[in-house]
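Colleague: Here is my input; please provide its structure:
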Amino acid sequence: MTDFGAIDALLAGVKKEAPLPPAEERRALREELNLSRAQLAQALGVSPSTVGGWESGRDPSGEVREKYAYFLEGARTKLAAEAAEDAPADEPEEVALADTEVPEGAEQNIESDDDVDVLITARPCVLCGQPARHQVAGFPQHLDPAECGTAEPVVTAELPQPQRPAPDTETVQTALAVGQRQPAHGKRGVKVVPVGRRMQTTDSPDLISSAVSAALADHSGDVEAATQALVKRAIPDAMALLDHSRKGGRYDVIAHPWLPDILRKQTARGADQVWEARPKWARPELPVGEHEVTALDVNGAYLSALKTHLPLGQLEHSTGNHHDRRRAGIHLITPPAWDHDAYLPNPIGNRDEPGPLWVTEPTLRLLLRVSGPTYGLCEPPEIHESWTSGATEGLLEKFRVALKDARDRAIAADDEVTLEYVKAMYSKFVSTLGESNYNRELYRTDWMHLIRSQAFANLWWKAHRAYDEGLLVVRAMGTDELHVIGDWHAVFAEGRGVTEVKIKDTYSVGAAHNEATQPPE
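Modeller: Numbers count the residues shown, from 1 in each chain. This next block holds a predicted model:
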């Protein structure tokens, strides 16, 4: 074979690689089909982190590239067909947002505290894949539902809530097949409702009062039987209340996202790798003499902790010693040394093992705050890597306020039925967000850890407040137990409200002959 023949043979054997869309569009196509990275990874025979890399800009090669390109092209075709079916026959063809200008004054219609940014260059919407001129918490999206190919009518939530089965797929063909449109509350994306179009909730029915009245009627006024029935259905009722409280909200969240292995149990009966910083601290020494200790009980600890920064979408991996306050998730950190155990608990709780550990957003923010110039109690933690998503602190706020208001009314009316029902709703809601057979409507292990850690962080701040106001902090335990010496009434309000505390116990420590003693176990 001549040199020219060899070159001809080489050129003949070269196969052009299948073209791939931009990284942002790859992710948008997958999420619009309601598919997780794990599902697509299983279909392609790769790991979820590999799919995540492709959606971050890395390109596959060889046979797997052909399969991935086939999936993406099939996803485009399927979504285009659905959009054509949903569009009215007499509606004129939409003009791509990339070729239009942002209307004058549009920026003034966006609330500055909602993490909404105007994009200079249009990017694919995470819901419909079409060019969008805005992004919310880092997610490109259409602010006007009429411009988004996923716009659907609002559905009123009722008790009990609808089922949301998670799709399952083993091949690219079945992956495309299961990507059917789901109801608005089950959509695996992040969606916004523009300002001025939010549903008004002033006339919303009181689902909690209605449920209590129905239970009492069903059990002929038997308080104990009605309470037992309400507590038994607390989880589905809490989910229905959550759905109802989200109507007209700015964000729609991913209910069953792919989660990193860090958030999965290492053994059937074991735990995952996240450290929640639960306090279990007792003051090592007390001043000489006899002291009267008051054990205070913090009310509604998990209810208050519902106000925390929660990630909206699927967690994404990053590295580096940097914290983005507009995102939330879990972080691998090396905690700082803590030199104040003699009078304040360590913000990361009792941990004997040295070295890096995975902590939640509330714990990291607590460490960053106490290490700052205002407090200066320790050095800043070192962040090694993170799994985060765009976040908001008010995601569960309407849900929390509805439960708090019902709790306040029940206390004022001495209504123990409603009080026990509400307590079961928020406590079981938090405890079943992880791997639980009792709540399959919302699978967010990351949220469970974050809410519980926020409760622990809230208790730490109460301990610090007591110390700062001159009380002797004797003990801090779990989410709601704080033991102090001194005039605590000057620091905390007494009562049953969520901003108040009540007395759990009183006891004496020390000895009349001035021997220091430890508080009782």
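Colleague: does residue 467 count as helix, strand or coil?
Modeller: Assigned by DSSP: H, G, I helix; E, B strand; the rest coil, the conformation of residue 467 is helix.
Colleague: any idea how far residue 297 is from the closest residue to residue 369 other than its chain neighbours?
Modeller: Leaving aside its sequence neighbours, residue 369 sits nearest to residue 375 (CB to CB, 6 or more residues apart in numbering; 6.9 Å). Glycine gets a C-beta too; all of them are placed from N, C-alpha and C. Distance of residue 375 to residue 297, computed by CB to CB, to the nearest Å: 26 Å.
Colleague: Looking at the two now, which is surrounded by more residues?
Modeller: Per other CB atoms under 10 Å, whichever of residue 375 and residue 297 has more neighbours is residue 297, with 15 against 11.
Colleague: Which residues does that one form beta bridges with?
Modeller: Beta-bridge partners for residue 297, by DSSP bridges, are residue 481, residue 502.
Colleague: What are the contacting residues of stretch 9-22?
Modeller: Contacts to stretch 9-22, defined as CB atoms under 8 Å, 6 or more residues apart in numbering, come from residues 1, 26, 29, 59, 61, 65-66, 68-70, 72, 76, 124.
Colleague: quick one: which of the residues you listed is nearest residue 425?
Modeller: Among the contacts of stretch 9-22, residue 29 lies closest to residue 425 (CB to CB), at 37.5 Å.
Colleague: which non-adjacent residue is nearest that closest one?
Modeller: Nearest to residue 29 is residue 75, by CB to CB, 6+ apart, at 4.2 Å.
Colleague: Please pick the buried ones from the contacts of stretch 9-22.
Modeller: The neighbour-count test (16 or more other CB atoms under 10 Å) applied to the contacts of stretch 9-22 identifies 26, 29, 65, 68-69, 72, 124 as buried.
Colleague: Inside strands: which ones of these?
Modeller: Using DSSP state E, the subset of the buried ones among the contacts of stretch 9-22 located in strands is residue 124.
Colleague: Pull the most distant pair out of the buried ones among the contacts of stretch 9-22.
Modeller: Spanning the widest gap among these are 65 and 124, at 20.4 Å by CB to CB.
Colleague: Show the residue spans covered by the helices in the stretch 351-500 of the chain.
Modeller: Assigned by DSSP state H, counting those that start in this stretch, the stretch 351-500 of the chain shows helices spanning 361-370, 397-412, 416-431, 445-468.
Colleague: so which of those helices gets nearest residue 509?
Modeller: Of all the helices of the stretch 351-500 of the chain, it is helix 445-468 that lies closest to residue 509, at 16.4 Å by CB to CB.
Colleague: List the buried residues for that closest one?
Modeller: Burial within helix 445-468, assessed by neighbour count using 16+ other CB under 10 Å, is assigned to 445-460, 462-464, 466-467.
Colleague: okay, stretch 435-444 in PDB with CA atoms only?
Modeller: What follows is stretch 435-444, C-alpha atoms only, in PDB (Å, rounded to 0.1, in the frame of the first residue of the first chain):
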ATOM      1  CA  GLU A 435     -35.300   6.600  54.300                       C
ATOM      2  CA  SER A 436     -38.700   6.000  55.800                       C
ATOM      3  CA  ASN A 437     -41.500   3.700  54.700                       C
ATOM      4  CA  TYR A 438     -44.000   6.000  56.300                       C
ATOM      5  CA  ASN A 439     -43.500   9.000  54.000                       C
ATOM      6  CA  ARG A 440     -42.800   8.300  50.300                       C
ATOM      7  CA  GLU A 441     -44.100  11.600  49.100                       C
ATOM      8  CA  LEU A 442     -40.900  13.500  49.900                       C
ATOM      9  CA  TYR A 443     -37.500  11.900  50.000                       C
ATOM     10  CA  ARG A 444     -35.000  14.500  51.100                       C
END
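Colleague: Make 34 the starting number, not 1.
Modeller: Yep, numbering from 34; the last one is stretch 468-477 now.
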